[in-house]
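Novice: Fold the following, please.
(one chain, ligands or ions: 1)
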Amino acid sequence: MLIKSYIAILFLISVFVAMFSMFEVLGRKNSETKVLIYRKIHRFNGVIFFVLYLVLTYLCLEFIVKTKTEPSARASLHSLLAISIIILLFLKISFIKRYTEFFKYVKGVGITLSVLAILTFSTSAGFYLLVSELGAFNLTQKITTETIASQFDLSQERNILRGKDLFTNKCSFCHDANSKNYSIGPGLKGLMKEKHLPVSKKPVTAENIITQLKTPLKDMPSFSYLSEEELKDLISYLNTI
Ligand code: HEC
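Specialist: Got it, this is the predicted structure:
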């Protein structure tokens, strides 16, 4: 997931290059040679922007296909913004290359495109980097299970076995229980013996794991439908791997 965020940062940089190269051409008086150079930069950068867009789209679609999960509200907004970018990009190119009577709209379309691209970044990679790297994740949703951890007896065999079943059915697709290797999500072996959770870096506590299950950081689907008992089973099992 992090690699996607890095590509997204390159994408964001290309948005700024596109904006400022055009601002230099249209927004102030520059010598003709400079204008030519900025135009070239703008065009070349446009190709990079498009390629990065395709790579990111591919990675996102691959993720959706693999996980077959219903997108969250944030993911839906993100996709809508991303689709509007490609529509505007094609409008813009067609106004320049073919439907030149519409040329006067190109500036407006360009600026809208930049704004939407920045918003697209913010609703995904921006969010992810903020919550995972800067660690400033403030939960708005109240955790109703705060008490679980204190009352827990993690060694109840019955709980562990049920937790194992749950894990196999609901988590193992994305999380390896036998290693710390990242597949779609981080490998969870030895999770409860660590000090910090692998992505958010929050302390390893039952509450923080349950928080991740109810309000995941980013790409993990929410398991807010699990009952308190099931959450307890899952934690009991995680404690054994
Ligand atoms: C569709 C894939 C997917 C499924 C299914 C899934 N996870 Fe995750 N999980 C992720 C991803 C991706 C992350 C990285 C953080 C994020 O994107 O939310 C993650 C992160 C985590 C973390 C680390 C959170 C942190 O704060 O660092 C824990 C713990 C976790 N998952 C537990 C589970 C458990 C338990 C289940 C089953 C009930 C589960 N996950 C199901 C994809 C998944």
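
Novice: alpha carbons only for contacts and neighbour counts from here, please
Specialist: Will do.

Novice: list the contacts for C174?
Specialist: If you count contacts by Cα atoms under 8 Å, 6 or more residues apart in numbering, C174 has them with S183, I184, G185, P186.

Novice: Name the helix or strand for S200, please.
Specialist: S200 is located outside every helix and strand, with elements delineated by DSSP states H and E.

Novice: follow-up on the earlier one: and the least confident of the contacts of C174?
Specialist: In terms of pLDDT, the weakest of the contacts of C174 is S183, which scores 84.

Novice: a helix runs through that residue, doesn't it?
Specialist: No. Counting by DSSP: H, G, I helix; E, B strand; the rest coil, S183 is not part of a helix but coil.

Novice: ok, how many other residues are close to it?
Specialist: S183 has 12 neighbours, counted by other Cα atoms under 10 Å.

Novice: How much space separates it from C171?
Specialist: Distance, S183 to C171, using Cα to Cα, to the nearest Å: 12 Å.

Novice: still on that earlier bit, could you write me a ChimeraX select line covering just the buried ones among the contacts of C174?
Specialist: To isolate the buried subset of the contacts of C174 in ChimeraX, counting by 16 or more other Cα atoms under 10 Å, use the following:
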select :184,185,186
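
Novice: and which of the contacts of C174 is nearest to I37?
Specialist: Taking Cα to Cα as the measure, I37 lies nearest I184 of the contacts of C174, at 42.6 Å.

Novice: for that closest one, phi and psi?
Specialist: Backbone torsions of I184, given as degrees, to the nearest 10, read phi -90, psi -40.

Novice: My read is that it contacts C171, right?
Specialist: No. With contact taken as Cα atoms under 8 Å, I184 and C171 are classed as non-touching, separated by 10.4 Å.

Novice: Now for those two: what residues contact both?
Specialist: Going by Cα under 8 Å, 6+ apart, no residue sits against I184 while also sitting against C171.

Novice: Out of the helices and strands in the chain, which is least certain?
Specialist: Least confident helix or strand of the chain, by mean pLDDT, DSSP states H and E, is helix 148-151 with a mean of 44.
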